[in-house]
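*Asks:* Give me a model of this one.
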Amino acid sequence: MLVAISSLVGLAVFFYPFLLPAINQTSSDNARTSEAPMVLAGLMALCLGAILLELDPAHNPEGSARTVAILAALVALGAVSRLIPSFMGATPIFLLVILGGYVFGPAFGFQLGALTLALSAFITGGIGPWVPYQMLGVGWVGMGAGFLPGAQTERTNRTALVLYGIISGLVFGALLNLWFWPFAAPGGEVAGNLSWSPEMSVGQTLDRYLHFYVITSLWFDLFRSAANAILIVLLGPSIIATLTRYRRRTTWTDWEPVSARM
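*Replies:* Coordinates of the predicted model:
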């Protein structure tokens, strides 16, 4: 429930400029600076609430502390991985987020993605009004991986994860542009024929944004998607096997006699 609430609020924060076009456009350097601290505080509070719920013995009587421990370990590893120099948008930070969400589920994946991005921002010093929107984007990447259906064969699972890594890399980039694009004034960061105006119709807005995305972001997102696919192919099987073993140790199931199951 907490993850669902944070997702709905996050979507509203991303898209409200298009629904409330009376807001004045400003330079993207100052866009969202007033609301970003509130979004960040709300996300951190919701993630903390989800962790406290996980620690509730009534929710997970045997594996709660272990689940939080693996969450903390993966967040730390993912945040440190951001110190690895990226190339044209390619970064290893999505690998653990996707695989963690795939193994432990959508709620875990959202927390893993959001908290990994938050911690990595503090480690790298990249703190700014864009951080809460990046937290939401990476959190949704982890959450989406948790909804991937498990198949009977390992090859099918790996193919699904590779395709998801490619698609999520593109969707993440397209979504993250929206934190500043509605506020980018023509003549500044973007050309006049690539910016948004409240007078545009829905079709015109989509067409204008498509041109903006292709010109400014597509190549970076393609490199990100390629990095996701390559890392999943090379490291995915071993990481999934390790996480799956740990998940089994943190999952409590009532014992039933053999005769009761026959």
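*Asks:* Tell me the helix or strand right after the helix or strand in which V171 is found.
*Replies:* If you go by DSSP states H and E, V171 is part of helix 154-176. Sequence order places helix 202-216 as the next helix or strand after helix 154-176, per DSSP H and E.
*Asks:* helices or strands next to that next one in the packing?
*Replies:* With contacts taken as 3 or more Cβ pairs under 8 Å, 6 or more residues apart in numbering; DSSP states H and E, helix 202-216 sits against no other helix or strand. All C-beta atoms are positioned from the backbone trio N, CA, C, and that covers glycine.
*Asks:* shift numbering so it begins at 40
*Replies:* Okay, residue one is now 40; in that scheme the one you just asked about reads as helix 241-255.
*Asks:* Just the C-alpha atoms of it, please, in PDB.
*Replies:* This file holds the C-alpha atoms of helix 241-255, laid out as PDB (Å, rounded to 0.1, in the frame of the first residue of the first chain):
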ATOM      1  CA  VAL A 241      -2.100  16.600 -26.300                       C
ATOM      2  CA  GLY A 242      -1.100  15.600 -29.800                       C
ATOM      3  CA  GLN A 243       1.200  18.600 -30.200                       C
ATOM      4  CA  THR A 244       2.700  18.000 -26.800                       C
ATOM      5  CA  LEU A 245       3.500  14.400 -27.600                       C
ATOM      6  CA  ASP A 246       5.000  15.300 -31.000                       C
ATOM      7  CA  ARG A 247       7.100  18.100 -29.600                       C
ATOM      8  CA  TYR A 248       8.400  15.900 -26.800                       C
ATOM      9  CA  LEU A 249       9.200  13.000 -29.200                       C
ATOM     10  CA  HIS A 250      11.400  15.400 -31.100                       C
ATOM     11  CA  PHE A 251      13.000  16.700 -27.900                       C
ATOM     12  CA  TYR A 252      13.700  13.200 -26.700                       C
ATOM     13  CA  VAL A 253      15.200  11.900 -29.900                       C
ATOM     14  CA  ILE A 254      17.500  14.900 -30.200                       C
ATOM     15  CA  THR A 255      18.700  15.200 -26.600                       C
END
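*Asks:* what does the average pLDDT come to for the helix or strand just after that helix?
*Replies:* Moving toward the C-terminus from helix 241-255, the next helix or strand (DSSP H and E) is helix 257-289. When pLDDT is averaged along helix 257-289, the result is 89.
*Asks:* Next, the angle from helix 257-289 to helix 193-215.
*Replies:* Per axes from the mean of the first three to the mean of the last three Cα atoms, to 10 degrees, the angle that helix 257-289 makes with helix 193-215 is 130 degrees.
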